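> Give me a 3D structure for the following:
(one chain, ligands or ions: 1)
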Amino acid sequence: MPKGFFLTFEGLDGSGKSTQSRLLVGWLEASGEHVRVTRQPGGTRIGDRIRSLLLDSKTESPAPMAELGLMFADRAQALAEIILPALNAGSIVVCDRFTDSTEAYQGGGRQLGSEIVLRLHETMCGGLMPDLTVLLLPDFAASLVRARRRNERMATDGTDEGRFEREGQDFYRRVFDKYREIAAREPVRVVVIDGDGSLEEVHRRIVSVVIECLRAFRAE
Ligand code: TMP
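Next comes the predicted model:
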């Protein structure tokens with residue numbers, strides 16, 4: 001069993017999770033914790049190449065199963081190269097998205113269903129689950145507006161990672177509903193933060209959840 005603590009952030013595009021993840025990492029490091037930060041897809045050299053293939057809006061119509069396979073190829077590489085070594089060394093690993101994203105986006109959004117995602121997770125990731133998942137689920141409409149804004153910004157600043165953000169409202173509704181289903185299924189691991197408060201308020205709520213969870217983890 002790895003000694004470290006595995007924490008993931010999840011949420012729709014535009015949920016504010018990357019900002020909150022950065023704030024939490026700053027807080028953990030200031031508290032003297034050793035933290036390894038990564039994200040999915042990406043975070044390794046191979047993963048970064050998979051990321052650009054997956055997110056570039058010029059990537060035309062990958063088959064949903066191909067998209068699913070690439071997400072897990074990226075994850076297997078990140079586990080081998082980053083996540084497992086850091087956990088074995090006793091670090092806190094903070095990962096922006098993990099298998100819940102695949103269940104929500106490919107299982108829900110692309111309608112492949114949860115079962116195949118969970119089966120692949122078992123086979124390719126040895127079933128490793130986060131010790132804590134912070135799921136930011138602000139109001140659905142607000143998330144969509146923020147995702148679209150981010151997409152427009154990327155179109156003007158030259159970063160082209162907008163393939164998912166171009167999906168329609170029905171796709172995002174299915175992703176949102178699947179996230180809620182995961183949270184209802186795993187209420188201990190997955191803590192839902194509605195994210196409608198200010199940046200600072202949401203940060204404080206996340207910190208208090210993390211303190212409590214780390215304390216229980218270390219007392220085991
Ligand atoms: P982000 O890293 O900026 O959050 O964007 C990653 C995008 O990739 C986001 O739209 C969600 C999508 N994604 C999936 O569809 N499946 C996955 O398994 C992961 C990790 C991400």
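
> For the rest of this, base every contact and every neighbour count on C-alpha atoms.
Fine.

> Counting neighbours, what do you get for Phe110?
That one is not Phe; residue 110 is Arg. Neighbouring residues of Arg110 were enumerated by other C-alpha atoms under 10 Å; the total is 20.

> What residues does it make contact with?
Arg110 sits next to 64, 171 when contact means C-alpha atoms under 8 Å, 6 or more residues apart in numbering.

> now the strands: where do they sit in the chain?
Using DSSP state E, the strands of the chain run over 5-11, 35-39, 92-96, 132-136, 190-193.

> Is it possible to get a markdown table of those that adds distance to Arg75, mean neighbour count and mean pLDDT?
Formatted as a markdown table, these follow (distance: least, C-alpha to C-alpha, whole Å; neighbours: other C-alpha atoms under 10 Å; pLDDT from 0 to 100):
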| stretch | distance to Arg75 | mean neighbour count | mean pLDDT |
| --- | --- | --- | --- |
| strand 5-11 | 13 | 24 | 98 |
| strand 35-39 | 10 | 18 | 98 |
| strand 92-96 | 11 | 23 | 98 |
| strand 132-136 | 16 | 25 | 98 |
| strand 190-193 | 19 | 20 | 97 |
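
> so can I have CSV of the ones you listed showing distance to Gly108?
Formatted as CSV, these follow (distance: least, C-alpha to C-alpha, whole Å):
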stretch, distance to Gly108
strand 5-11, 13
strand 35-39, 21
strand 92-96, 19
strand 132-136, 16
strand 190-193, 17
